[in-house]
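Visitor: generate a structure from the sequence data that follows.
(chains A and B)
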There are 2 protein chains.
Amino acid sequence: MSFTDQPSVPQRGRKPAAEGTSASSRPTMAMVAARVGVSKQTVHYALNSPDRLSPTTLRRVLKAVDELGYRPNQAARSLRTQSPRAVGFRLLPTTEGQSGGVWASFLYELSVAAHRADHAVYCHPAATDEEEIQVIQEIFSTNTVDCFVITFTQDHDPRITFLRERGIPFVSFGRPWGHPMSDTWWVDVDGAAGMEQAVDHLAERGHRRIAYLGLDGRNGFGDDRESGWRRAMRAHGFSTRDLAVRGSDEISTGRELAVRLLDRKQPPTGFVCVSDTIAIGALQACRERGLAVGRDVGVVGFDDSVGAHFVDPGLTSLAQPLELVARHTMRLLLDRLKDPDAKAEQVLLRPTLVVRESTVPR
Amino acid sequence: MSFTDQPSVPQRGRKPAAEGTSASSRPTMAMVAARVGVSKQTVHYALNSPDRLSPTTLRRVLKAVDELGYRPNQAARSLRTQSPRAVGFRLLPTTEGQSGGVWASFLYELSVAAHRADHAVYCHPAATDEEEIQVIQEIFSTNTVDCFVITFTQDHDPRITFLRERGIPFVSFGRPWGHPMSDTWWVDVDGAAGMEQAVDHLAERGHRRIAYLGLDGRNGFGDDRESGWRRAMRAHGFSTRDLAVRGSDEISTGRELAVRLLDRKQPPTGFVCVSDTIAIGALQACRERGLAVGRDVGVVGFDDSVGAHFVDPGLTSLAQPLELVARHTMRLLLDRLKDPDAKAEQVLLRPTLVVRESTVPR
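Guide: Just a heads-up that it's a prediction; the model follows:
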């Protein structure tokens, strides 16, 4: 075993570091050892196997470590432990006209949780799931990260199939729709429970005809949210007949779906939407029809995204507890890394309804 | 010099990797060597000093590298070259009621540019500039990253002072306001030129009394944007008297500033705003006063953020060319890393006016 903290090979393709630059400002293990008058191995023990040293020596070494501000070289530590202590996270291109921002907020919270656990967050770009798989393969094979967090899980998500086949440690924010739920590690927010809260809230405000504006195509989280709306409507004794409509996740789609419903003989007065984006479109439609939003009609979105704050009237929406999601995600990752054979864990959290003027006027 | 690609020390605190899991699926340098029937050193030469090998050997080794999907261990490579090939980037907490989203879009573009240059982007959270300095110190001292990108530069930014003093390589997205402009490496977008475009656009639409809604306190980018408005107003022969007002970067502030101006005897009909957040507040004020936005009054924001897409009517705004900013940032970082003594480079880019209904009705 070697105790390198600064490699002895010369730097290639670089000029020697000038006085006061990075290389010279990093304290080394040798400097700590020299200060205390012990060997480098003793310093190594102090940091990695403290029980091998006498309490006095340990104290003296740690004092010097503190005073010099010495930190073990991350690359050297990675080599010794074979763990880069880094989490891979995919960045998405920003899509115009989508409410977005949730991944950015989640990434911030994840980086806080990772930092606390002495892990880095390594961000890689990928426009599609296929690209994400390629990039994961590439950076995992170079031992740059230990594990991955994947987000926006789709039905029969090819990323989950790939990661499971390769035995690459990961936790998904979002359930593995279409895969066995208990075989993978995931954290998710209970969309169905959120939709029940939304219906209860609108019912309390006097709404009886409450429509569901959802997503078309096969997708697990959309189906889950719709089932929550359906369950709550039944519990209140309201009819759901012809009140569920679906389209793509765009403002213009939300507007069109809502217009279609509002032009019926018996239009709904409540709109529970699968996303803020669709809800913002529904708000526009209501305003265009001259309805007093919050009074004549009530609109609820999902995500409590930036858009929900910006629209006027403000959009009532279901907020995902992103800090909590991030903390559980990191905890599960560490559990998974500690014991690859452990039984997969799952965490399902409840969203919170944030009430604004789209359901309760000022 | 050693040619380690898999460390020979046993893993500690982990069970041996099971068949088919991560550790066993990574091809090693030894596997490549065995396949070709050469030494590990030859494989190393093929990847790092190809001119040392005969063309035939080089071809054979690279073929095997390809076939096995072998990638040099990043940690081992970091140790040899002393370069982790990673860029540090600070994540900001999401602030409610701010238009935001620009840093997230920039981070995506930066990760694309970094990926192309075979660099990772390492994200660290920091709520304040002081916290960012602490975290930079910590992760730079552990050799986790080579360099940093800082954003949202303030007047006399303490991060720039710190990074310069320590000789830590960085490029800032945003000028080093209050520091000598030509001594540091930066990329920025020309806010003054953007404001000139905004005034020209409103003048073309018939507006003569065009107000500037800016930020209070000392801040270089705000002053810069205001100077652009002033210059363009002068060029058109319009008076600027009493037309510049300032406040905090919040929707409510934008609303209050605009209301104050609209309640004057001779209210402005154009509003050029330092940010989308303030512009969205101005939009609300105009609507509350019963003005037809886009016709009676014109409002222009800055950032072309998510909020600009979401408000109704859509907000005309100045878009920063974030992909280009990211590409130049990465180029400057690589130049700076290659030669720490090189003369600092600067890049100033022009924003683009994205016209929506807040200045031109549908």
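Visitor: from chain B, how far out is the most centrally placed residue in chain A?
Guide: Of all residues in chain A, the one closest to the mean position by Cα atoms, centre = their mean is A:F106, 4.1 Å from it. Distance of A:F106 to chain B, given as Cβ to the nearest Cβ, to the nearest Å: 10 Å. For the C-beta atoms, the positions are set from N, CA and C on the backbone; glycine is no exception.
Visitor: list the buried ones in whatever helix or strand that residue lives in?
Guide: Taking DSSP states H and E as the criterion, A:F106 maps to helix A:102-116. For helix A:102-116, the buried set under the neighbour-count rule, 16 or more other Cβ atoms under 10 Å in any protein chain shown, comprises A:102-115.
Visitor: go on, stretch A:161-171?
Guide: A:F162, A:L163, A:R166, A:G167, A:I168, A:P169, A:F170, A:V171.
Visitor: now swap in stretch A:37-57 and tell me
Guide: Buried positions in stretch A:37-57, judged by neighbour count with 16+ other Cβ under 10 Å: A:V38, A:K40, A:T42, A:V43, A:H44, A:Y45, A:A46, A:L47, A:L53, A:T57.
Visitor: quick one: contacts of the host helix or strand of A:R159?
Guide: Using DSSP H and E, A:R159 falls within helix A:158-166. The contact list for helix A:158-166 (Cβ atoms under 8 Å, 6 or more residues apart in numbering or on different chains) reads A:129-130, A:132-133, A:136-137, A:140, A:148, A:150, A:153, A:168, A:170, A:172, A:176, A:179, A:183-184, B:20, B:22, B:25.
Visitor: just checking, next helix/strand downstream of the lowest-mean-pLDDT helix or strand in chain A?
Guide: Within chain A, no helix or strand scores below helix A:22-25, which has a mean of 44 by mean pLDDT, DSSP states H and E. Following helix A:22-25 in sequence order, the next helix or strand is helix A:29-36 (DSSP H and E).
Visitor: ok, then the element right after that following helix?
Guide: Next element after helix A:29-36 (DSSP H and E): helix A:40-48.
Visitor: what about the nearest residue to A:R60 once chain neighbours are set aside, neighbour count?
Guide: Closest residue to A:R60 in three dimensions, ignoring its sequence neighbours and counting by Cβ to Cβ, 6 or more residues apart in numbering or on different chains: A:V36, at 5.2 Å. By the criterion of other Cβ atoms under 10 Å in any protein chain shown, A:V36 has 18 neighbours.
Visitor: residues touching A:V36, list them.
Guide: When contacts are counted by Cβ under 8 Å, 6+ apart, A:V36 touches A:T42, A:V43, A:T57, A:R60, A:V61, A:A64.
Visitor: please, which helix or strand holds the third one?
Guide: Looking back up the chat, that one is A:T57. Using DSSP H and E, A:T57 sits within helix A:55-68.
Visitor: which helices and strands sit right next to that helix?
Guide: Here helix A:55-68 touches helix A:29-36, helix A:40-48, going by 3 or more Cβ pairs under 8 Å, 6 or more residues apart in numbering or on different chains; DSSP states H and E.
Visitor: format these as TSV; extra columns: mean pLDDT.
Guide: Formatted as TSV, those follow (pLDDT from 0 to 100):
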stretch	mean pLDDT
helix A:29-36	88
helix A:40-48	78
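Visitor: TSV for those helices, including distance to A:L92?
Guide: Output for the helices and strands packed on helix A:55-68, formatted as TSV (distance: least, Cβ to Cβ, whole Å):
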stretch	distance to A:L92
helix A:29-36	41
helix A:40-48	39
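Visitor: dump the residue contacts of A:Q320.
Guide: Residues near A:Q320 by Cβ under 8 Å, 6+ apart: A:V102, A:V189, A:D303, A:D304, A:L349, A:P351.
Visitor: before we move on, the earlier item: going by distance to chain B, which of the buried residues of stretch A:161-171 wins?
Guide: Chain B has its nearest neighbour among the buried residues of stretch A:161-171 in A:G167, at 3.6 Å by Cβ to the nearest Cβ.
Visitor: for that closest one, phi and psi?
Guide: phi 70, psi 30 (degrees, to the nearest 10).
Visitor: likewise A:G298?
Guide: According to degrees, to the nearest 10, A:G298 has phi -120, psi 140.
Visitor: neighbours of the residue lying closest to it once chain neighbours are set aside, just the number please.
Guide: Nearest non-adjacent residue to A:G298, counting by Cβ to Cβ, 6+ apart: A:T359, 4.1 Å away. Other residues near A:T359 come to 27 when the count uses other Cβ under 10 Å.
Visitor: is it true that A:T359 touches A:H201?
Guide: Yes: assessed by Cβ atoms under 8 Å, A:T359 is found in contact with A:H201 at 6.4 Å.
Visitor: and for these two, which residues touch both?
Guide: Common contact partners of A:T359 and A:H201 (Cβ under 8 Å, 6+ apart): A:G298, A:V300, A:T316.
Visitor: just put those in JSON lines and tack on pLDDT and neighbour count.
Guide: Shown next, in JSON lines, are the shared contacts of A:T359 and A:H201 (pLDDT from 0 to 100; neighbours: other Cβ atoms under 10 Å in any protein chain shown):
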{"residue": "A:G298", "pLDDT": "98", "neighbour count": "26"}
{"residue": "A:V300", "pLDDT": "98", "neighbour count": "31"}
{"residue": "A:T316", "pLDDT": "98", "neighbour count": "25"}
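Visitor: tell me where the model's unsure across chain A.
Guide: A:1-26, A:48-51, A:71-82, A:95-100 (pLDDT under 70).
Visitor: please parse it into its domains.
Guide: Per the record, chain A has its domains at A:22-81, A:86-189+A:322-349, A:191-320, by automatic domain parsing.
Visitor: out of those domains, which is closest to B:R209?
Guide: B:R209 sits nearest to domain A:191-320 of all the domains of chain A, at 24.7 Å, using Cβ to Cβ.
Visitor: quick one on the thing from earlier: tabulate the shared contacts of A:T359 and A:H201 in CSV, adding columns for distance to B:V293.
Guide: Shown next, in CSV, are the shared contacts of A:T359 and A:H201 (distance: Cβ to Cβ, whole Å):
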residue, distance to B:V293
A:G298, 26
A:V300, 27
A:T316, 24
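Visitor: where do the strands sit along the stretch 251-362 of chain A?
Guide: In the stretch 251-362 of chain A, the segments counted as strands under DSSP state E, counting those that start in this stretch are A:270-273, A:298-302, A:316-319, A:346-349, A:352-354.
Visitor: is stretch A:133-153 anywhere near chain B?
Guide: Yes: Stretch A:133-153 reaches chain B (Cβ under 8 Å from any Cβ of the partner chain) through A:V135, A:Q137, A:E138, A:I139, A:F140, A:S141, A:T142, A:N143, A:T144.
Visitor: any figure for the gap between the fourth one and A:V87?
Guide: Read that as A:I139. A:I139 is 11 Å from A:V87, where distance means Cβ to Cβ, to the nearest Å.
Visitor: the more surrounded of those two?
Guide: A count of neighbours by other Cβ under 10 Å puts A:V87 above the other of A:I139 and A:V87, at 28 against 21.
Visitor: SS state for the more buried one?
Guide: Using DSSP: H, G, I helix; E, B strand; the rest coil, the structure places A:V87 in strand.
Visitor: one more: A:S182?
Guide: coil.
Visitor: got the contact list for it?
Guide: A:A344, A:Q346.
Visitor: got it, and A:A64?
Guide: Counting by Cβ under 8 Å, 6+ apart, A:A64 touches A:V32, A:R35, A:V36, A:Y70.
Visitor: ok, now with 7 Å
Guide: A:V32, A:R35, A:V36 (Cβ atoms under 7 Å, 6 or more residues apart in numbering or on different chains).
Visitor: next one: A:A127
Guide: Residues near A:A127 by Cβ under 7 Å, 6+ apart: A:P93.
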